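A.B. asks: sequence and predicted structure are below.
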Amino acid sequence: MPIRVEVVEPEAFASWVVEAQAEYAQLETSKNMLADAGNLDK
């Protein structure tokens, strides 16, 4: 699939980056929590 390049406002891009980072941090946190829960079983 071709990647569409769009011109975005810097503010919009910045807020998107912040949102993406927050989502990634949440994923990492839940992954770590799952790993910790798994370690408790052993």
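C.D. replies: That came through fine.

A.B. asks: so, low pLDDT: which residues of this structure?
C.D. replies: Low-confidence segments of the chain (pLDDT under 70): 41-42.

A.B. asks: can you map out the helices along it?
C.D. replies: Along the chain, counting by DSSP state H, helices occupy 10-41.

A.B. asks: which residue is nearest the centroid of it?
C.D. replies: The centre of the chain sits closest to Y24, judged by C-alpha atoms, centre = their mean, with a distance of 1.9 Å.

A.B. asks: mind listing what that one touches?
C.D. replies: Contacts for Y24 (C-beta atoms under 8 Å, 6 or more residues apart in numbering) come out as none. For the C-beta atoms, the positions are set from N, CA and C on the backbone; glycine is no exception.

A.B. asks: and it, how far from V17?
C.D. replies: Separation of Y24 from V17 (C-beta to C-beta, to the nearest Å): 10 Å.

A.B. asks: with N32 instead?
C.D. replies: From N32 to V17 the distance is 22 Å (C-beta to C-beta).

A.B. asks: next: S30.
C.D. replies: Applying C-beta to C-beta, the value for S30 to V17 is 21 Å.

A.B. asks: ok, now V5?
C.D. replies: Counting by C-beta to C-beta - V5 and V17 are separated by 16 Å.

A.B. asks: what about S15, how many neighbours?
C.D. replies: 11 (other C-beta atoms under 10 Å).

A.B. asks: could I get the contacting residues of it?
C.D. replies: With C-beta under 8 Å, 6+ apart, S15 has no contacts at all.

A.B. asks: returning to what we had before: same drill for V5 and V17, tell me which one is more crowded.
C.D. replies: More crowded of V5 and V17, by other C-beta under 10 Å: V17, with 10 against 6.

A.B. asks: ok, E11 - contacts?
C.D. replies: Contacts of E11 by C-beta under 8 Å, 6+ apart: none found.

A.B. asks: over to G38?
C.D. replies: By C-beta under 8 Å, 6+ apart, G38 has no neighbours at all.

A.B. asks: distance check, N32 against P2.
C.D. replies: Distance of N32 to P2, given as C-beta to C-beta: 36 Å.
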